[in-house]
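**Student:** Pasted the sequence and its predicted model underneath.
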Amino acid sequence: MELRDIFESNLIFPRVLEDELNERLRKGIHKKVISGEQWFRTPNNWYDMPAYINPYKGVYDELPILYEHHRELKGYLDQTLKVFWGVGIADSECVPVRWDLQKNHYGEINAIDVIDYFLEGFIISLRNLTKEYPLSKIMFVGNNTLFETIRKENVKPTNTKYQKATHICFGNTIGNFDQEEIFQIFNRNIDQDDFLLLGYQLNKDPGKILSMYVDNTRFERLVLDPIDRGRMLPIIAKIARHMKGLKISWKYNYENDYVEAWLGDILVFRSKKYDPIVLSDFARQYHFESLKNYIFADCGVGLFQKI
Ligand SMILES: C[S@@+](CC[C@H](N)C(=O)[O-])C[C@H]1O[C@@H](n2cnc3c(N)ncnc32)[C@H](O)[C@@H]1O
């Protein structure tokens, strides 16, 4: 797998994902837990939720953290391949790329996302960035695949100029996963000495956080669309149909700090909130040493190194 000039837009489509995602939805409904990738299958629902409409919010609070601590962060991240785990609207993702173009007029990017529409949007943003910094060049590869199934040889391109990579997962994406699962994915795909930069949402004031989800019609759309999709598919229509008419019930799970949305007995959405020290201790179990932690408002950005 090779990086190519961003203007050649090197997107890798290892499989046709639609069937695989429908199968995951079927299994999810059967096991009564719908997994995170399903919420982004109607990407416009996500683009529809700028700034404070989005109770994740971390998406926007990451930006001041990155700007405030840019000197220190640049010291670590300079001259590294950037591997993005999830790109979404890609606002904060563009910031470390900008740093590379400002200083080196060169950047290397591997973007991994299950939704090709987000990858295409990221490519457009990156091309625009090269126009802000004339004479700069971005080498790019996009992996349109699930984190769960990516192969390690597709994480580090063969023609990278750099010794090290920085793996970046912003927007509290880690919170959508079972924690062991996401850290196992990082552990098996990240090399020793590489950096891991995580954006996450804090667990302070759970009542306030929860209230941002409740009666939030835009967020409800994001959460319910996978179920509507399920009703359209003959193979799951029967199971999904009985959920029609049920109302979402939101809850803060104090045992594990997940905000949860339930439809009947099916967990249709979850988003974990974090205590920075607990997160650092947990990451260490998967061989990631915490180097730095920055906090702003309800958001944290943690820099880890694989040991
Ligand atoms: C919460 S968004 C955060 C991304 C970005 N920082 C933002 O704020 O828009 C999560 C992103 O990860 C992608 N994603 C979620 N689960 C995934 C999975 N299992 N495999 C690959 N991509 C996934 C989604 O498509 C989405 O682009």
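**Tutor:** Sure thing, it's come through.
**Student:** quick check: mean pLDDT across the helix or strand hosting residue 181?
**Tutor:** When elements are assigned from DSSP states H and E, residue 181 belongs to helix 179-189. Averaging pLDDT along helix 179-189 gives 98.
**Student:** ok, residue 30 - how many residues close by?
**Tutor:** Neighbour count for residue 30, taken as other CB atoms under 10 Å: 11. No exception for glycine: its C-beta is placed from N, CA and C like everyone else's.
**Student:** any idea where the strands of this protein begin and end?
**Tutor:** Applying DSSP state E to the chain gives strands spanning 4-5, 11-12, 80-85, 106-112, 137-143, 164-169, 195-201, 249-253, 258-263, 266-272, 288-296, 299-306.
**Student:** surely residue 119 meets residue 144?
**Tutor:** Yes: using CB atoms under 8 Å, residue 119 is in contact with residue 144, at 5.9 Å.
**Student:** okay, and the common contacts of the two?
**Tutor:** Counting by CB atoms under 8 Å, 6 or more residues apart in numbering, the residues touching both residue 119 and residue 144 are 11, 113.
**Student:** residue contacts, residue 176?
**Tutor:** The contact partners of residue 176, taken as CB under 8 Å, 6+ apart, are 35-36, 39, 270-272.
**Student:** And these, which two are furthest apart?
**Tutor:** For the contacts of residue 176, the maximum inter-member distance is 14.5 Å, found between 39 and 272 (CB to CB).
**Student:** hey, what's residue 252 bridged with?
**Tutor:** Note on residue 252: beta-bridge partners by DSSP bridges are residue 259.
**Student:** distance of it from the ligand?
**Tutor:** Distance check for residue 252 against the ligand: by CB to the nearest ligand atom, to the nearest Å, it reads 19 Å.
**Student:** Residue 52 now?
**Tutor:** 14 Å.
**Student:** Not including adjacent chain positions, what is the nearest residue to that residue?
**Tutor:** Counting by CB to CB, 6 or more residues apart in numbering, residue 60 is the residue found nearest to residue 52 once chain neighbours are left out, at 7.9 Å.
**Student:** Give me the distance between the residue of the stretch 1-150 of the chain found nearest the ligand and residue 35.
**Tutor:** Nearest residue of the stretch 1-150 of the chain to the ligand, counting by CB to the nearest ligand atom: residue 88, 2.0 Å away. Taking CB to CB, to the nearest Å as the measure, residue 88 falls 16 Å from residue 35.
**Student:** Residue 52 too?
**Tutor:** Separation of residue 52 from residue 35 (CB to CB): 26 Å.
**Student:** quick one, which of those two is more surrounded?
**Tutor:** Counted by other CB under 10 Å, residue 52 and residue 35 do not tie: residue 35 has more neighbours, with 21 against 9.
**Student:** so who does the more buried one touch?
**Tutor:** Neighbouring residues of residue 35 by CB under 8 Å, 6+ apart: 24, 28, 176.
**Student:** re the thing from before, of the contacts of residue 176, which are in range of the ligand?
**Tutor:** Among the contacts of residue 176, the residues that sit close to the ligand (CB under 6 Å from any ligand atom) are residue 36.
**Student:** any chance of the contacts of residue 176 in a markdown table, plus pLDDT and distance to residue 242?
**Tutor:** Below are these laid out as a markdown table (pLDDT from 0 to 100; distance: CB to CB, whole Å):
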| residue | pLDDT | distance to residue 242 |
| --- | --- | --- |
| 35 | 96 | 20 |
| 36 | 96 | 23 |
| 39 | 95 | 21 |
| 270 | 97 | 21 |
| 271 | 97 | 25 |
| 272 | 97 | 28 |
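**Student:** If we only consider the contacts of residue 176, which is nearest to residue 161?
**Tutor:** Nearest member of the contacts of residue 176 to residue 161, counting by CB to CB, is residue 36, at 33.0 Å.
**Student:** From the ligand, how far off is the residue nearest to the closest one when sequence neighbours are not counted?
**Tutor:** Spatial nearest neighbour of residue 36, excluding adjacent residues (CB to CB, 6+ apart): residue 176 at 3.2 Å. Distance of residue 176 to the ligand, computed by CB to the nearest ligand atom: 6 Å.
**Student:** Kindly give the local confidence score, pLDDT, for residue 176.
**Tutor:** For residue 176, pLDDT reads 96.
**Student:** For the stretch 101-250 of the chain, give me the ranges with low pLDDT.
**Tutor:** Residues of the stretch 101-250 of the chain that meet the criterion pLDDT under 70 lie in 244.
**Student:** Please list the residues of it that sit near the ligand.
**Tutor:** Proximity of the stretch 101-250 of the chain to the ligand, by CB under 6 Å from any ligand atom, involves residues 113-115, 118, 146-148, 170-171, 173.
**Student:** Can you say which of the residues you listed are buried?
**Tutor:** Neighbour-count burial (16 or more other CB atoms under 10 Å) is assigned, among these, to 113-115, 118, 146-147, 170-171, 173.
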